[in-house]
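> Structure for the following, please:
(4 chains)
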Amino acid sequence: MSFLGYKDIIEEGDLILAYLNRDTMKPIVINATETLNTRFGSFSHLSMIGKKYGTQIASDKGYGYIHLLQPTAELWTLSLPHRTQIVYTPDSSYITQRLGITSGSRVIEAGTGSASFSHSLARTVSDKGKLFTFEFHKPRFEEAKREFEEHGILGVPVTINHRDVCNDGFEIEDVELNATAIFLDLPSPWTAIPNLPKVISSDERVGICCFSPCIEQVDLTIKALQEHGWTSIEMVEIQGRRWEAKQVMVREADDAIERLKDVKRRKLEGIEKKRKYYSDNGIKKEDLVPENTDAETEEQKSQRMKLLEDEQEKTKVSKTEFNPFGRGLRIKEGEEGYSWVKVSKNEGEIKSHTSYLTFAYKQPAFVKK
Amino acid sequence: MSFLGYKDIIEEGDLILAYLNRDTMKPIVINATETLNTRFGSFSHLSMIGKKYGTQIASDKGYGYIHLLQPTAELWTLSLPHRTQIVYTPDSSYITQRLGITSGSRVIEAGTGSASFSHSLARTVSDKGKLFTFEFHKPRFEEAKREFEEHGILGVPVTINHRDVCNDGFEIEDVELNATAIFLDLPSPWTAIPNLPKVISSDERVGICCFSPCIEQVDLTIKALQEHGWTSIEMVEIQGRRWEAKQVMVREADDAIERLKDVKRRKLEGIEKKRKYYSDNGIKKEDLVPENTDAETEEQKSQRMKLLEDEQEKTKVSKTEFNPFGRGLRIKEGEEGYSWVKVSKNEGEIKSHTSYLTFAYKQPAFVKK
Amino acid sequence: MSEEPQYSIPTVIQHGLHAIIRMPSEAKKIITLEKGKSINLGKFGIFDIDEIIGYPYGQTFEVLDNHKVRAIGATIYDTIDPAGDNEQEEGAEEAEATPAPESANATPIPETLSEKIDYLKKLDVQSSSDNRNIVDIGTAQSLSMEDIEELKKTASGANVGEAIIDKLIKSHETFHQKTKQSQEKYLRRKQQKFLRRFTVEYVSSSNLLQYFIEKDASKVLDMSLQSMGMLLTLGNIQPGGRYLVVDETGGLIVAAMLERMQGRGEIMVLHENEHPNHSVLTHTDYPQAMLDRMVKSINILQFFEPEEERVQFQEYTPEQLKELKSNKRTHYYRRKQNAEQINAVIDNAVSGNFHAAILATTLHLNTFLPKLIPSLGGSRPIVAYSQFKEPLVSLQIQSLSDLNLLAPTLQESRCRPYQTIPGRLHPLMTMRGGGGFLYSALKVFPLEKVQAVGRTG
Amino acid sequence: MSEEPQYSIPTVIQHGLHAIIRMPSEAKKIITLEKGKSINLGKFGIFDIDEIIGYPYGQTFEVLDNHKVRAIGATIYDTIDPAGDNEQEEGAEEAEATPAPESANATPIPETLSEKIDYLKKLDVQSSSDNRNIVDIGTAQSLSMEDIEELKKTASGANVGEAIIDKLIKSHETFHQKTKQSQEKYLRRKQQKFLRRFTVEYVSSSNLLQYFIEKDASKVLDMSLQSMGMLLTLGNIQPGGRYLVVDETGGLIVAAMLERMQGRGEIMVLHENEHPNHSVLTHTDYPQAMLDRMVKSINILQFFEPEEERVQFQEYTPEQLKELKSNKRTHYYRRKQNAEQINAVIDNAVSGNFHAAILATTLHLNTFLPKLIPSLGGSRPIVAYSQFKEPLVSLQIQSLSDLNLLAPTLQESRCRPYQTIPGRLHPLMTMRGGGGFLYSALKVFPLEKVQAVGRTG
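So this is what the prediction gives:
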């Protein structure tokens, strides 16, 4: 059970996540005869066995490194090829908390999709609870089922069915679903809502969350919920944002003023040197930049050029030493000798919308004894 | 013209904004015989005449202060009693920029509402442009007209009409509106859109913005825009957020550890003192806390109490001097002797939604010569 | 786990448990369900606790006369923007792209208040078609406080609220000129003020958090529900885990973790005083034995200087014990147990290998967090909540160069609630700001050589 | 103002002006409208500039053969979420609460591509009713690059794009199984890739900003359109104003201010180098004479140490002048004009009383801004833009105790774009982060006594 519980040491047969970098995690099942090949090098499974989870290892050739992690539902979500919509952590964690899903809960999920939320729900309901998940797209159903099996959560706590719940309902033969929480990630949840009464708990309050990208879907969902006796209807949007922290240089206006003064000083120094050079050498400016260069002979030009070169050489002004902001240098972020301020920014592209989340509750009919 | 142009000195007849605090600004027209009465005191207009705009003045009695500001469209918006929906600065500034409204633009606005956006638009189109604003609610129309007049912007650049533009269109007798930008803040903009062709410019691109709180209104607006030949339809929501900056104390774990050590030291010191007191005075603990107080006589009890008091007195431990976080003291934010970190937070309640902004453009029909 | 203890959340209102009472005004109250006692909800009435026993949590009741109640459907309507009573929106009814409501003929004559409201909702007449004649509700309100007080005296018990609303409807000068939607909103607001209804909620971590957010958000570090949910998810909290926790929310986070752990596992609470502040936990219904078994507390002096803080306890020989007087012996045993407990907790903490570190503290994280890293197992998450972003920005920058931490991440999650009237959906006009930020990273074991040269030789 | 100069933004495409060309891929290109030249848009074709002259800005064209164009309605469809091609949403067509589209009978046989697309849109058949049989478009794509290259050779000029799309429609194995909406999205994406269309936009400040945001946002300090709009609004920018500006966006802010000022007023650009960086201004069409009249530049050394920096210029007497050789005289006049210009700008700056300070700088504001306050008139706004919030947080804290500043405010404005297909509205799934923050305050003159004791005696 890689996704439920904790393990300290990597053993043959374990499912582990090889962490290459923030965007790349490779799930592998440890098999002493195999090797993981990555762009950071090759890593024999043998070198992983016996290591503690969390260990960083070097590739077989000694260059390139990866970390060996125990999978969790959240890491699994990050490792998924984005083959279909994923319920991301800001949404999934809110839905779980809001519906009060805990260990022992009996949850219905339709559809299974990438099975990313299924993993998170399985972890939370734990081996004492139940997750009934439904998927009507055959290839996705098969893929998810295979994954649940490989991850040791098929049966306990996950039951998966290939089913169009909108037309065929949620009932499972010989099983009392008695669900206490429902999650509908379907194009038309309003067609599935009428099928719920038969499979939800009849002695405690049941919560539902419908997950729809378009607002018009919400409209129809709310109407269906009202019609079928669900109350306390609330709709929210969850907006997750990541921030990147970094340091930027503190640039003082006074330093910029000093820099300009320094530039000016150098300019004046250059003019002064030139003036001195001219008077010392009895040269006139016209000698170097004549009024009419077209009339110049080849020889005159060559001589003038020599003079010009000599002038440049003799009147050279030392480059400024004053460079308060390290202009032109390669300054590393946070480098000593400069002041820094800590700032944060969003990633370049942000996930601005996932879906609208419509919540509602159903109170069981109750006759007081 | 208080809202267009700039003035340095306050004079008789000027409209000024008396700034009491962040939430209270009072517009007044300077009249040497009048006095402004506020909860911060009374301020005679006479005391304001001749002062520079921006001056802080004391009340006539010397306590209480206000600032005298030159009104701008944005300050005016902040000073409004919220009698109806206001187009706030984050929305109004975006709409203005997005529609390319500048000095000289010819703008249609319907409805006028609180006239807050009208002021902002009047400032931007300036005396070289035109703002045609329409309001169908009679009292609001009259109120707005009075305000425009008082603020010196009626006529140039503002023209206001009492009109139901959805039913009666935008035409004004003897005036070529030739509008280059349209702003519709109406319950059903889709009923006004068909009336626009007669009043928009026929030789340059015209932009429109429809301002609607509900998403279903957007749906119908988009359809109407498409039907009437508007293109590049885009819809956005503007979310303005204010932040409050403050400083919070840096609390080091090591200081907390030292505090606990200090508490422990004092406890041990107390125990030690008690032990010494008992042995010095030949007292046993039982003397102070007998096994059975019920059997005690009144006299025994009084004697025991005296002993107890004496013990407390003699074994008192000095209160700790070590108080790294100023616990129990009134520490002012940023006070010296403590470390502080600068943080920011939202106001307690934020404006999370104003309206959806639907933009579109209409390109004039053009036959190449 | 050999014994497999388990704990289930109560679903039925029972004597001896706690409950959160939610009133039509959205105000909340935490009560203890004591046998034979009654609860006074002020203007919403008084009821006997025994009356609500046996119903499932979540049930809504109407207060009748003589402290009786009757179970009803729902307290109030679904989300209607309290700040959204603006005229423009009201005019938007024309925007309704939904089929017209069923004809009024089909509707039975309204009896209950909610039916009355439904009736009004379905009634397609007497609603002004635009907002030209609408005058602000606030100013047109013609019912005085005296009128209301008078009604309270004349109408009997349960009917006071309804009578007031009827009177309000009648007396509202422009009520029939108002659009349907603004009538609904108006009714709802009045309902919130006068209806004698309440809902009984279980004291779940979510309900408790909501209660404190509304009462005094600073007590729970301004943490939002979505931040709490994310904290638990990023921490991978599950039954059987051993967690290191610093919790300055009065134990709310501990309560939320216990909810997820359902009787299995351990929470080591690290605190900076003589005792942890678990004031929130006193409102929960976890059995004391379970708390004793699962929640251990240790202060940071004991945690970071365990050897000095272990209690040196001189055990008596059986002979010595026999000679002690009975009260001395009791005292001895108490001291012995205390010492054993402290030492056991210290041993437990020293053994490390925790499955997550969950921090909701105002201590300076840049210096505090690195001290905790050695106590974590490999591949385990560290999650830190902060009301402000800035301390986590600083922590994130520092973490980028700490090879014991993998993928340090700084994020926030905001929840935007909508008005849920079909056909007139929009985000609520105003909402609470704040809600906090989360830092998370994974503890890893770096290769020594990488640490030294960044490359193996 | 006695003369009342005025400037109007060009609305018609003319020789000698600039234009921004927007291609179906949303890529943008700034061009100069040179007579007789042609513009190469790569895969979108080549056209002669003379062909587009005389049309109003905003016009869309289709590239024909021989560098000709023809004016058409619009380039592309309205906002469709490029990231929103997920299967679930497609199934949502059943959610459409809108009336069914007009019957296909009424639709004429499609001729143009946009008509073709309209036709497809209105066609209510051949669309799978749910997403069960949908296979990802990316993988089912059966048209190879070779096919496309072949088509480009065989189809003539303007028809290439259309031919490719036709071929794509035919060859897409599951196209008819797809829902209408996903067909539309698919077409749009293909359209963006192959259609030989372009739109000619005026180089307005908004278009220029958009151009740089997409090309290199750091050049404009990551400023969003809404931040720029807010900067101008909070600064109360209008014709006739005198503004003090620090602009590290290459002159974009100056350009935007000029747009609002329309020929009247003055902008004093304060910079930290020998010359201001106005690279963005070179793409605009403001007349040079207007720029010379309205935009003055001064470096911070001259601004803060004006007396030292005034140029001491020794004027020659008429006699001395007469004696000078012609080139010397030219040199003298040039130096004289230069000195006069510098001194005039310094005098102008020293006179102060500016109507706003507009800052978009990376200089340390806590020390820089207080130096600028004395140069402002009373009741005038100071507005500072920063890519990051943190420097403004620090400035805000400092400002709270500065009695020369009233109501210091820190805010941000974010713009959230939506997909605009009626019946399937939702925010775009992804968008650009960032956009910056704004600080604003008003310059005031505090009462001396308040400053001293906080209360008059």
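> Where does pLDDT dip in the stretch 1-150 of chain C?
Low-confidence segments of the stretch 1-150 of chain C (pLDDT under 70): C:1-4, C:74-150.
> Could you rerun that using 50?
Along the stretch 1-150 of chain C, the model assigns pLDDT under 50 to residues C:1-2, C:75-77, C:85-112, C:115-143.
> what's across from the residue in the stretch 201-350 of chain A that chain D sits nearest to in the sheet?
Residue nearest to chain D within the stretch 201-350 of chain A: A:Asn346 (2.9 Å; C-beta to the nearest C-beta). For glycine as for every other residue, the C-beta is placed from the backbone atoms N, C-alpha and C. Residues in a beta bridge with A:Asn346, per DSSP bridges, are A:Trp243.
> Check the nearest residue to C:Asn277 once chain neighbours are set aside and give its pLDDT.
In this structure, C:Asn277 finds its nearest non-sequential neighbour in C:Gly250, 5.4 Å apart by C-beta to C-beta, 6 or more residues apart in numbering or on different chains. Note on C:Gly250: pLDDT of 96.
> what sits against C:Gly250?
C:Gly250 makes contacts with C:212, C:219-220, C:277-281, as judged by C-beta atoms under 8 Å, 6 or more residues apart in numbering or on different chains.
> if you set the cut-off to 7 Å instead, what comes out?
Contact partners of C:Gly250, counting by C-beta atoms under 7 Å, 6 or more residues apart in numbering or on different chains, are C:219, C:277-280.
> and of the residues you listed, the nearest to chain A?
C:Val280 (16.2 Å).
> can you pull the contacts of that closest one?
Contact partners of C:Val280, counting by C-beta under 7 Å, 6+ apart, are C:208, C:249-252, C:255.
> go on, C:Gly16?
Contacts for C:Gly16 (C-beta under 7 Å, 6+ apart) come out as C:Leu33.
> Apply 8 Å and report the result again.
Counted by C-beta under 8 Å, 6+ apart, C:Gly16 has contacts C:32-34.
> Put together CSV for those, with distance to chain A, secondary structure and neighbour count on each row.
Listed next are those as CSV, based on distance: C-beta to the nearest C-beta, whole Å; DSSP: H, G, I helix; E, B strand; the rest coil; neighbours: other C-beta atoms under 10 Å in any protein chain shown:
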residue, distance to chain A, secondary structure, neighbour count
C:Thr32, 21, strand, 14
C:Leu33, 16, coil, 19
C:Glu34, 19, coil, 12
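> which element follows the longest helix seen in chain A toward the C-terminus?
When chain A is parsed with DSSP state H, its longest helix is helix A:253-281. Downstream of helix A:253-281, the first helix or strand assigned by DSSP states H and E is helix A:285-288.
> pLDDT at the residue of chain C positioned farthest from its centre, what is it?
Largest separation from the mean C-alpha position in chain C: C:Glu319, at 54.8 Å (C-alpha atoms, centre = their mean). Predicted confidence (pLDDT) for C:Glu319: 88.
> hmm, the helix or strand hosting C:Met228 in reach of chain A?
For C:Met228, the host element (DSSP H and E) is helix C:225-234. Yes. Using C-beta under 8 Å from any C-beta of the partner chain, helix C:225-234 reaches chain A at C:225-226, C:228-230, C:232-234.
> Mind listing residues that contact that helix?
With C-beta under 8 Å, 6+ apart as the test, helix C:225-234 has contacts from A:73-74, A:89-90, A:92-94, A:96-98, A:120, A:238, C:205-206, C:209-210, C:213, C:252-253, C:256-257, C:260, C:358, C:360, C:381, C:383, C:385, C:411-415, C:435-438, C:440.
> In chain C, what residue comes closest to chain A?
Nearest to chain A in chain C, going by C-beta to the nearest C-beta, is C:Gly378, at a distance of 2.3 Å.
> correct me, but that residue touches C:Leu406?
No. Look at C:Gly378 against C:Leu406 with C-beta atoms under 8 Å: they stay out of range, at 9.9 Å.
> need the strands for the stretch 301-450 of chain C, in chain order.
All strands of the stretch 301-450 of chain C, identified by DSSP state E, counting those that start in this stretch, fall at C:356-360, C:381-386, C:405-419, C:426-427, C:430-432, C:437-443.
> Next: the stretch 151-300 of chain A.
Using DSSP E, counting those that start in this stretch, the strands of the stretch 151-300 of chain A run over A:158-162, A:181-184, A:206-212, A:231-249.
> which stretch among these comes nearest A:Ile28?
Each of the strands of the stretch 151-300 of chain A has some distance to A:Ile28 by C-beta to C-beta; the shortest is strand A:158-162, at 21.6 Å.
> Check which helices and strands that closest one is in contact with.
strand A:130-135, helix A:138-150 (3 or more C-beta pairs under 8 Å, 6 or more residues apart in numbering or on different chains; DSSP states H and E).
> Is the shortest one in proximity to chain C?
No. Judged by C-beta under 8 Å from any C-beta, strand A:130-135 makes no contact with chain C; its nearest approach is 13.7 Å.
> tilt between that strand and strand A:158-162?
Angle of strand A:130-135 versus strand A:158-162, following axes from the mean of the first three to the mean of the last three C-alpha atoms, to 10 degrees, is 20 degrees.
> Does chain D have contacts with strand A:130-135?
No. Strand A:130-135 lies out of reach of chain D by C-beta under 8 Å from any C-beta, never closer than 10.9 Å.
> how is the chain carved up into domains?
No chain was given, so I picked chain A. Annotated domains of chain A cover A:15-71, A:75-240+A:352-362, A:254-345 [automatic domain parsing].
> I was thinking of chain C, sorry if that wasn't clear
What automatic domain parsing lists as the domains of chain C is C:1-76+C:197-202, C:87-194, C:205-453.
> Report the secondary structure state of the residue nearest to C:Asn277.
Following DSSP: H, G, I helix; E, B strand; the rest coil, C:Gly250 is assigned to coil.
> Quick check: residues of the stretch 101-250 of chain A near chain B?
Contact residues, the stretch 101-250 of chain A versus chain B (C-beta under 8 Å from any C-beta): A:215-216, A:219.
> If you rank those residues by neighbours, which is first?
Of those, A:Asp219 is surrounded by the most neighbours, 27 neighbours in total, counting by other C-beta atoms under 10 Å in any protein chain shown.
> pLDDT wise, what is it at?
Note on A:Asp219: pLDDT of 93.
> Need the pLDDT of the nearest residue in space to it that is not next to it in sequence.
Excluding the flanking residues, the one nearest A:Asp219 by C-beta to C-beta, 6+ apart is C:Pro422, at 5.0 Å. Note on C:Pro422: pLDDT of 84.
> And C:Lys296, by the same measure?
The score at C:Lys296 is 97. That number is its pLDDT.
> Doesn't C:Arg264 belong to a helix?
No. Under three-state DSSP, C:Arg264 falls outside any helix and is assigned coil.
> give me the number of residues near it?
Per other C-beta under 10 Å, the neighbour tally for C:Arg264 reads 21.
> need the contact list for the residue nearest to it when sequence neighbours are not counted.
The shortest distance from C:Arg264 to any non-neighbouring residue, by C-beta to C-beta, 6+ apart, is to C:Pro239 (4.1 Å). By C-beta under 8 Å, 6+ apart, the contact set of C:Pro239 is A:103, A:126-128, C:260-265.
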